[in-house]
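> next comes the sequence, and after it the predicted model I'd like to discuss.
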Amino acid sequence: MNLKVTRSGIVTAWLLVLLGAAPAFAQINFVGEWTGRYHEDQPDRVPGEEPGDFSGVPLNEAARLFGDSWDVARHSVLEHQCAPYTLPYMFFGPNQFRIWQEHHQDTQELVAIRMHLGTYQQERTIWMDGRAHPPEYAPHTYMGFSTGVWNGDTLTITTTHIKAGYFRRTGIPASDRITVVEHWIRHGNVLSQVTIATDPVYLTEPYIRSQEFVLMDRGNTNWLYNCEYVMEVPKDKNEVPHYLPGQNPWIGEFSAKHAMPEGGVRGGAETLLPEWKPGAKPAPARPGANGGFRPEDQPQRLAPGEVKSVHVQGNVHMIVGAGANIAVQVGEDGVLVVDTGNAGTSDKVLAAIKELAPGKEIRWVINTGMDANHTGGNELISKAGRTVNGNIAAIVAHENTAARMIKAGVADAARPFNTYFEASRDFPFNGEPIVLYHDDASSDDTGTMVMFRRSDVIAAGDLFGTDGYPVIDLANGGSIDGTIAGLNRLLGLTVPSKMLEEGGTYVIPGHGRISDEHDVAMYRDMLVIIRDRIKNMVEKKMTLEQVKAARPTLDYDGRYGSDAGPWTTAMFIEAIYREMSGSTAAGSSQRSAR
Amino acid sequence: MNMRTRAFGLAAVCLAIVVAGMDAAGQGRGRGQAGPPQTARQAAPIDLTGTWVSVVTEDWRWRMATPPKGDVASVPVSAEGRKAAQGWDLAADTAGGNQCKAFGVGGIMRQPGRLRISWQDDETLKLEFDAGTQTRLLNFDRSKQAPAEKSWQGFSLAQWEGPGVGRGASAATDVRVTGGGILSRGVPGGGGQGLRGGPPPRQQAEINSGGDLRIVTTNFREGYLRKNGVPYSEQATMTEYIHRLPTHPNGDSWLQVITMIDDPKYLNGTFYTSTNFRLEPDGSKFAPSGCKTDPPLPVKNAK
């Protein structure tokens, strides 16, 4: 049989096939421009909440302390002025958003649902292609990383990698460990969005809310958010406004003004249920309330002993899993390595470097400090490299680092010999300026920050971390004031990609995930607040035991605290206490190397 | 055979393939099977039955306590509605036998309490509220007429909606947010079964979590949207959608009730709320109480 057919026949046949297939693709469509309806909690969501109102939130004691310390003037801090709200709050404030879809060109399968939110000019992608969530050391953003699946006509979205932010504008905190599950439902021109936030740091159980949006017949043109952060009044630009415990004058105002039972407006899971009465006991913990997520819907964790690399920006990569984070700059001239990880991990580190820079020689090694988890691989990694003169790769560090390592008995081959003593040093490598800044009193007196000026990446060493309180090694020249000063200097070097406080300069912490200016600012804020609290307690002549019992770090312990290991919360408090009381003699806070 | 004939022949073959595919799919969903019409109970794409507790995370200050008189924040009240709210008199309501005005159909979902849902018969879903001891009957039989007398809970007509409706779906076990367990098979990219954006196969579990119940209620007595006398009138119409959300990863089951009230007398526009209830393991905490509204606490001067 002759298989030739007419063009119209083919078109007709395919049309029929497509028509037949159409119902199978008839998933609910959210494409369009939507605007909010504020018929629930309108005074909170539009004009703005009143201080001290924690009603309706299943928060814990840590979140209450955070909220009680909150001073709305914190929004005036340069780094926070233009910072958007994070996903857990974004849809509750005044908002309009545009939704569109991205389909695979060949298969027309839905790859992603994309959003532009007019408020704070945020872009959001909801991946529909079944991909897993990124590793835990990936950067966090205001909108986070989202994946979606259909449950019938309900779109269910799971989001992780969200920056630390707020559940409410008046300082109910949301940590960067949050997972948000959303359900999108459409009825005609009404979109209902349910959000269920799980935050093991600040909530005792998931926090569910829902709100409605309506399709706009005529799109609004106001899709931009023109914010410019500026100093509006002369003051210390690094000031962090906050209230010391018990000194917030606004607590109680909300309940009095609106005739609300005071215990109720303090929030808590027990206050959300019909049987709640003023004076009720806190709700018993619900085992497993914050758990149950599939591994694919959570940040991927490194397996024990696993060493991996991730591209940060420009010529700079980060190697994780070998102790402290390692920064690797790769280019025409060769390889520069910042820190070398734990002893015993060098084979894996070198393999990772080889994968990043096949055929390239390691020319430089820089140490950001003296700790063994930053310098343990010095000998093997420097020996694996070659300078242009044929020597093993030079190890660069501040002279205090070398001195402390000599004192600690570190072998010559593992010590830096190329030292500097000035406040900063720079040199060109791989076509970009490398600038070393000395931190003379942060964790100790050996610190170096390394800035890759063209790549716009800073390796901060132990000045900054996202997985614990900073080590304050008083015996080796460390101090909380020096750490805060170092972080302020770091903030002076970082510049966000837009005024909206995201991206731009990336910071590789000594330990933890890739960060940006916002993350550093939140960390700095925390240290200022804790330092001020302990200082105030010292001024009240409280003993160290009384200070510890007062739990001045309670609102951050769930995120950064530790009861075990080389650097505990108690040691951190003690170090600050001794510094604030002028007694810098090493107590139990003297740390062993992490 | 000429070209035109061949072309139509090919088209006919394609059409036959499509029709055969649709029929096969339909059979897989129970569509096209002969037999008596399904009852509403049999056709339910979601299982709403059980005892649900309201978890008051929104409008807390207007729901968990009685707000001050005249506090109409968030509600798009008309001038007449505002005036009526200002005239609220709790004592007069109680004396006049109208203490259930805050527990009428326009406000009952927002009352903190427990909601017990069960089938009264194959065509009637019963909603019992322990707050105010109120009962709503949702009629699926569309031939049913509203009674002559208006009541606090009015007359409700209900219908199932969603991708599984009319295809023989019946309530079954629900599904976690993973999308019906497809992803949990561990097939990268969904194994070409639709998770790359195409339609997931209409598994029973997905249908179960994707459908909803639409309810339109009229013929009710005037009542309050809030405890403090923010009014709705007898002229209002209330449309609701009830969803059972995909089971949360921690095992919680949530009911979501989307409510839209249009009232030409007391509202300037549609009043939208959505209320969340969590499934309880049993009905042991269902505790019926009378229609009692506490007076507002006195407003104190701020510090």
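That came in fine, so what should we check first?
> now do the contacts for the residue in the stretch 351-500 of chain A that chain B sits nearest to.
Here the residue of the stretch 351-500 of chain A nearest chain B is A:E355; by C-beta to the nearest C-beta that distance is 22.8 Å. Just so you know, the C-beta spots here come from the backbone N, C-alpha and C atoms, and that holds for glycine as well. By C-beta atoms under 8 Å, 6 or more residues apart in numbering or on different chains, A:E355 lies in contact with A:S309.
> what are the buried residues along the helix or strand hosting it?
A:E355 belongs to helix A:346-356 when assigned by DSSP states H and E. Residues of helix A:346-356 classed as buried by neighbour count (16 or more other C-beta atoms under 10 Å in any protein chain shown): A:S346, A:K348, A:V349, A:L350, A:A352, A:I353, A:L356.
> quick check: what element follows that helix along the chain?
On the C-terminal side of helix A:346-356, the closest following helix or strand by DSSP H and E is strand A:362-366.
> packing partners for that following strand?
strand A:334-338, helix A:378-384, strand A:394-398 (3 or more C-beta pairs under 8 Å, 6 or more residues apart in numbering or on different chains; DSSP states H and E).
> from the chain's centroid, how far away is stretch A:249-266?
32 Å (C-alpha atoms, centre = their mean, to the nearest Å).
> how long is that stretch from one end to the other?
15 Å (C-alpha to C-alpha, to the nearest Å).
> tell me the mean pLDDT for that stretch?
Average pLDDT, stretch A:249-266: 90.
> which regions of the stretch 51-200 of chain A sit below the pLDDT cut-off?
Scanning the stretch 51-200 of chain A for pLDDT under 70 picks out no residues.
> quick check: buried residues in stretch A:560-576?
For stretch A:560-576, using 16+ other C-beta under 10 Å, the buried residues are A:560-562, A:567-576.
> now the helices for chain B?
Ranges of helices in chain B, per DSSP state H, are B:3-28, B:40-43, B:60-63, B:79-86, B:90-95, B:204-210.
> mean pLDDT lowest for which of the ones you listed?
helix B:3-28 (a mean of 45).
> strands of chain B, residue ranges please.
B:50-54, B:114-121, B:124-129, B:134-139, B:155-161, B:212-218, B:223-224, B:231-232, B:237-244, B:254-262, B:271-279 (DSSP state E).
> picking that back up, from the buried residues of stretch A:560-576, which land in helices?
Counting by DSSP H, these place A:Y560, A:T569, A:A570, A:M571, A:F572, A:I573, A:E574, A:A575, A:I576 in helices.
> for A:K257, find the nearest of the strands of chain B.
strand B:223-224 (22.7 Å; C-beta to C-beta).
> ok, the residue nearest to A:G503 when sequence neighbours are not counted - how many residues close by?
Nearest residue to A:G503, sequence neighbours excluded (C-beta to C-beta, 6 or more residues apart in numbering or on different chains): A:S497, at 3.8 Å. A:S497: 14 surrounding residues under other C-beta atoms under 10 Å in any protein chain shown.
> using the three-state scheme, assign A:S497.
At A:S497 the chain is in coil, as set by DSSP: H, G, I helix; E, B strand; the rest coil.
> I figured it hits A:E517, correct?
No - the pair A:S497 / A:E517 is not scored as a contact, 9.6 Å apart, by C-beta atoms under 8 Å.
> shared neighbours of those two, anything?
Listed as contacting both A:S497 and A:E517 by C-beta under 8 Å, 6+ apart are A:G504.
> still on that earlier bit, ok, now how distant is the residue nearest to A:G503 from A:I576?
Distance, A:S497 to A:I576, using C-beta to C-beta, to the nearest Å: 34 Å.
> what's the answer for B:N228, then?
For B:N228, the distance to A:I576 - C-beta to C-beta - is 49 Å.
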